[in-house]
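>>> Fold the stuff below for me.
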Amino acid sequence: MALGGNPIFNGKNFRGATQAPPAQQAYGQGAYGQNGYAPGQFGQGQYGQGGFGAAQQGMTQDQLQDMYNRPAAGPADTGRMTFDDVIVKTAACLGVLIVGAAVTLVVAQGLASMLMIVGALGGFVLALVNSFKKQPSPALILAYAGLEGLFLGGLTRILDGMFPGVGLQAVIGTLSVFAVTLVLFKSGKVRATPKAMRFFMIAMIGYAVFALINMVMMWTGAVDSPFGLRTSVEIFGIPLGVFIGLLAIGLAAFSLIMDFTSIEAGVRSGAPSRFSWTAAFGLTVTLVWLYVEIIRLLSILRGND
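Coordinates of the predicted model:
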């Protein structure tokens, strides 16, 4: 599993579910705690007497043939996480997110701004709660998606009002990056290698430090630009935010690669199906981050025209 990426997938509970070894069985015991094949202990008495042999004798040839022809139980039948589970639950999260975004796009501007703030703060709180819960809670995960929808809808309304068209462009850009990333991952051309992970961690720390400094300077009034240092500082006539935005989008895209890696590990190791909600939550968090970075970069580019 890719460690050091999305903290949701690197949490103790998800990692424990995907890395737990099979339960050890004591010598002389078979599966499910039953006695092993000791002489005279297969069913009742000798082979073919009582137990499983008696059950077989009570069945017709057609019933036996039908039993043998049945397919083996798959992951879904045994309560294990599957890719289909993750897809369905991620779609549910994104559906709730879209509904939340639609609310702040259609209500009055004043109410939309208030809902955007509620969504940003509430989404942050629920992100922390869901990240540290021992067991995933579908209700809280969907509530997080709804609150993030309120935030993204309000943000899109503000920026699209300043720079018409950036909202739709950001949606298309997010879907494009997600699709390309998924194709590259499925083809095996891009993987979360240890070397790539080290670069990712260094870049993430640098980006986090910049974002913190930029936020403090904006709050204290040290810079009066709407995007802070991103637009008030230029390199060769290009706003610093363009370089930072491209880096952030690259980091978010690679975070998707790590998310896919963690989900694949969960499915292969037979993690309980409930953790498909954790996977959906992790993907939703990464996609929200990716969308914010893309719409911010587009706004900076439009503002520099």
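>>> Every contact and neighbour count from this point should use C-alpha atoms.
OK.
>>> For the stretch 201-305 of the chain, just list every one of the helices.
Per DSSP state H, counting those that start in this stretch, the stretch 201-305 of the chain carries helices over the ranges 229-232, 240-268, 275-303.
>>> Gly146 is nearest to which of the ones you listed?
helix 275-303 (11.0 Å; Cα to Cα).
>>> so how far is that closest one from its chain's centroid?
Centroid separation between helix 275-303 and its chain, computed with Cα atoms, centre = their mean, to the nearest Å, is 11 Å.
>>> Would you mark the buried spots in it?
Buried residues in helix 275-303, counting neighbours by 16 or more other Cα atoms under 10 Å, are found at 275-301.
>>> Confidence-wise, which helix or strand of this protein is lowest on average?
helix 51-57 (a mean of 51; mean pLDDT, DSSP states H and E).
>>> show me the contacts for the closest residue to Leu142 other than its chain neighbours.
The shortest distance from Leu142 to any non-neighbouring residue, by Cα to Cα, 6 or more residues apart in numbering, is to Cys93 (5.7 Å). Each residue near Cys93 by Cα atoms under 8 Å, 6 or more residues apart in numbering is listed here: Ile141, Leu142, Ala145, Gly146, Ala280, Phe281, Thr284.
>>> Among those residues, which pair sits farthest apart?
Farthest pair in the contacts of Cys93, by Cα to Cα: Gly146 and Ala280, 13.7 Å.
>>> Count the neighbours of the closest residue to Ala280 other than its chain neighbours for me.
Spatial nearest neighbour of Ala280, chain neighbours left out: Thr90 (4.4 Å); criterion: Cα to Cα, 6+ apart. When counting by other Cα atoms under 10 Å, one arrives at 22 neighbours for Thr90.
>>> again with Met218
17.
>>> do the same with Phe236
Phe236, neighbours per other Cα under 10 Å, totals 6.
>>> separation between it and Phe243?
Distance of Phe236 to Phe243, computed by Cα to Cα, to the nearest Å: 11 Å.
>>> Next: Pro226.
17 Å.
>>> okay, the two: which has more neighbours?
Phe243 (14 against 11).
>>> Low-confidence regions, the stretch 1-150 of the chain specifically.
Low-confidence segments of the stretch 1-150 of the chain (pLDDT under 70): 1-7, 10-59, 61-78.
>>> show me where it has helices.
12-19, 51-57, 61-69, 83-106, 109-132, 138-162.
>>> Check these for me and report the most buried one.
helix 138-162 (a mean of 23; mean count of other Cα atoms under 10 Å).
>>> how far is it from where the chain is centred?
That offset, for helix 138-162, works out to 17 Å (Cα atoms, centre = their mean).
>>> Can you pull out the residues in contact with it?
Against helix 138-162 from outside (Cα under 8 Å, 6+ apart): 92-94, 96-105, 112-113, 115-120, 122-123, 126-127, 130, 166-167, 277, 281, 284, 288, 292, 295, 299.
>>> run the last query once more with 6 Å
Helix 138-162 has contacts (Cα atoms under 6 Å, 6 or more residues apart in numbering) with 93, 96-98, 100-101, 104-105, 112, 116, 119-120, 123, 126, 166-167.
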